[in-house]
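Student: just the structure for this:
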Amino acid sequence: TILLHFTLNLKERQEAIQRLNEAVEAATRHCPDTTDEYEIEKYYHDYLINVCTYDDEAANNGSSTYENAYSAYGALVDGRAVCEGYAKAMQLLLHRSAITATVVMGRSIDDWEAHMWNLVRINGSYYYVDVTWDDTDDFPQHTYFNMNLEALQRTHCLDEHQLTDIVCNSTTESYFARNHTYLDTYEREVIAG
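Tutor: Predicted coordinates for the structure are as follows:
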């Protein structure tokens, strides 16, 4: 037996769909016209950080009271979301630009708290991107932008059933590699040179 519970009536659902479509249109309107998937992904990453705020109240009180915070709607329309909302919004925006993206579940290594982020395919290789953790109060960070599995595992732990057959070992499209701010040596003379 399946019991469907609707929180909105038909008219409210149609209005919500319209608001979400308008928010997605606003997000895609200024997306770079390029074939470089990195630039498109970075635009959406930074866009989400600028329009959305992490919803601490929803995180502390759960989805039954703040269900929008767990959706792309919450991130894009309400401007408030938890990690699930950020990840779903990122997936939706990237799909609109024909970029492969999925939501990934796991935990934070620091406190073992449940967490969600994205696995994306950018310019032919897979990377992890965590828009939530890059959203700081001051300005967008890119610490968790296009990490390979090795970098991800320093701070995140994937749930056991999460996409273990996908190879995610490239650093080519990481933020630091693309911006030439990545150190691959600890030799003082090389760094200073």
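
Student: which residues of this structure fall in strands?
Tutor: In the chain, the strands defined using DSSP state E lie at 53-54, 80-81, 101-108, 114-122, 125-129, 156-158.

Student: what strands flank the fourth one, and is each parallel or antiparallel?
Tutor: So that's strand 114-122. Using DSSP bridges, the strands paired with strand 114-122 are strand 101-108 (antiparallel), strand 125-129 (antiparallel).

Student: for stretch 117-124, buried residues please.
Tutor: Across stretch 117-124, burial judged by 16 or more other C-beta atoms under 10 Å covers 117, 118, 119, 120, 121, 122, 123. In short, each C-beta sits where N, CA and C put it, glycine included.

Student: now swap in stretch 29-41 and tell me
Tutor: By neighbour count on 16+ other C-beta under 10 Å, the buried set for stretch 29-41 is 37, 38, 40, 41.

Student: check stretch 62-78 too.
Tutor: Buried residues in stretch 62-78, counted by 16+ other C-beta under 10 Å: 66, 68, 69, 70, 71, 72, 73, 74, 75, 76, 77, 78.

Student: and stretch 162-174, by the same measure?
Tutor: By neighbour count with 16+ other C-beta under 10 Å, stretch 162-174 contains the buried residues 168, 170, 171, 173, 174.

Student: endpoint to endpoint, it covers what distance?
Tutor: 21 Å (C-alpha to C-alpha, to the nearest Å).

Student: I'd like the mean pLDDT over it, please.
Tutor: For stretch 162-174, mean pLDDT rounds to 87.

Student: same question, stretch 17-29
Tutor: For stretch 17-29, mean pLDDT is 96.

Student: confidence-wise, which helix or strand of this structure is lowest on average?
Tutor: Least confident helix or strand, the chain: helix 188-192 with a mean of 66, by mean pLDDT, DSSP states H and E.

Student: helices and strands around the longest helix anywhere in the chain, which ones?
Tutor: The single longest helix within the chain, with elements called by DSSP state H, is helix 10-29. Applying 3 or more C-beta pairs under 8 Å, 6 or more residues apart in numbering; DSSP states H and E, we find helix 10-29 packed against helix 37-51, helix 72-73, helix 83-96.
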